[in-house]
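Asks: Provided below are the primary sequence and the corresponding predicted coordinates.
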Amino acid sequence: MPSEFDLIRRHFLEPAFTRPHVLTSIGDDCALLDALPENHALAISTDTLVSGVHFLESASPDLIASRAMRVSISDLAAMGAAPYGFTLALSVPDFDEEWISGFAGGVHATARAFDIPLIGGDTTRGPLTITVTVLGKVDKGAALRRNGAKLGDAVFVTGSLGDGAAALTLLQTHKLEENPYLHERYYQPDVDLVLGKRLSKLANSAIDVSDGLLADLQHILSASGVGAELKLESLPIAKTTATLAANTAQSQEWALIGGDDYRLCVTMPAEAAEDVSLADNQLIRIGTIVAETGIRLLDACGDAVELPHTLGYDHVH
Ligand code: ADP
Ligand code: MG
């Protein structure tokens, strides 16, 4: 079966049809349009969450709303964009007013927390599905792209990895509520628009880690024509997640291919990261950009370790 990305490339990518105002099209976290005055571009990204695939229908509606919005806003952070507004398309099996009121409460609270107003949408009957389209504003020259990674750049992530996968194992056994840390990481992933904007002045490339570190870093590497070496022992894994895993190999696999972490992965010269006074643990170095394409994992002795057989979570499968 083709991957999600093969399908997009084969059927939707049409490089021959473009327009001068389209600055960045299919292939990055947001599209960029030359649609704003002065030196600004309009950033746009859409994400869909389907009940039973991306969340459990039985989850509290305000938490479903929070997750749907943060997943989308994360793509603005990955471009270094400031929030502008969002639209919300909602399909619900029935017009249950209590459910919709709870969902709307989560939408409005998240909108206020990120200073991003709801400007439109669509409401229909159907299987529970939520589509959020976010709009943002970015300095034309400063947008964080996937294609700018340079040889010798250090590879950083902005927080712990593997929490999404750990949360999923708890979700499947209906035990997520018993673990406040993973419950919050799953339903309210930290999305930091201020950090994204700050990094846009420093980093050469960026992506948000939605499908798994290896899969998402590979998008940066393919777009930039480079490779990366990652140090396994540098992967930031939260204590709760490490404890939940059967062993170190499992927690490392969660961190590498688990997905749903919504951290940023950025590349930039190591000195650039030292230049800024970022709070502790806001940038964790996990590797280096190298000339040889692909990703190599290194153990503590610097020896190569085999990559997991699949690079990440592919939503179509
Ligand atoms: P992200 O994980 O950042 O939300 P995706 O992995 O969903 O991005 O998509 C990868 C790229 O393909 C993005 O640039 C997205 O806009 C584009 N894309 C995904 N699906 C379609 C589609 N059906 N038509 C056009 N572009 C698409
Ligand atoms: Mg993204």
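Replies: Sure thing, it's come through. Ligands and ions are numbered 1, 2, ... in the order given.
Asks: quickly find the element holding whichever residue of the stretch 51-200 of the chain sits closest to ligand 1.
Replies: Per Cβ to the nearest ligand atom, residue 75 is where the stretch 51-200 of the chain lies closest to ligand 1, at 5.0 Å. All C-beta spots, glycine's among them, are computed from the backbone N, C-alpha and C. Residue 75 is part of helix 61-79 when elements are defined by DSSP states H and E.
Asks: and that helix, how far out from the chain middle?
Replies: 9 Å (Cα atoms, centre = their mean, to the nearest Å).
Asks: likewise for stretch 236-246?
Replies: 20 Å.
Asks: and the nearest residue to residue 93 once chain neighbours are set aside, what is it in contact with?
Replies: Distances taken as Cβ to Cβ, 6 or more residues apart in numbering put residue 128 closest to residue 93, at 6.1 Å, once the chain neighbours are dropped. Shown in contact with residue 128 (Cβ atoms under 8 Å, 6 or more residues apart in numbering): 50, 51, 57, 91, 92, 93.
Asks: hang on, the earlier thing: what's the average pLDDT for the helix holding residue 75?
Replies: The average pLDDT for helix 61-79 rounds to 98.
Asks: contacts (any at all) between ligand 1 and stretch 37-49?
Replies: Yes - interface with ligand 1: stretch 37-49 contributes residue 47 (Cβ under 6 Å from any ligand atom).
Asks: list the buried residues of that stretch.
Replies: By neighbour count on 16 or more other Cβ atoms under 10 Å, the buried set for stretch 37-49 is 40, 41, 42, 43, 44, 45, 47, 48, 49.
Asks: for ligand 1, what are the nearby residues on the stretch 51-200 of the chain?
Replies: Looking at ligand 1, the residues of the stretch 51-200 of the chain close enough under Cβ under 6 Å from any ligand atom are residue 75.
Asks: which one is the closest residue to ligand 2 within the stretch 51-200 of the chain nearest to, not counting chain neighbours?
Replies: Going by Cβ to the ion, ligand 2 is nearest to residue 75 of the stretch 51-200 of the chain, at 4.5 Å. Distances taken as Cβ to Cβ, 6+ apart put residue 45 closest to residue 75, at 3.8 Å, once the chain neighbours are dropped.
Asks: for the residue nearest the centre of the chain, give me its contacts.
Replies: Nearest to the mean C-alpha position of the chain, counting by Cα atoms, centre = their mean, stands residue 208 at 3.2 Å. Residues counted as contacts of residue 208 (Cβ under 8 Å, 6+ apart) are 29, 74, 75, 77, 78, 216, 262, 263, 264, 265.
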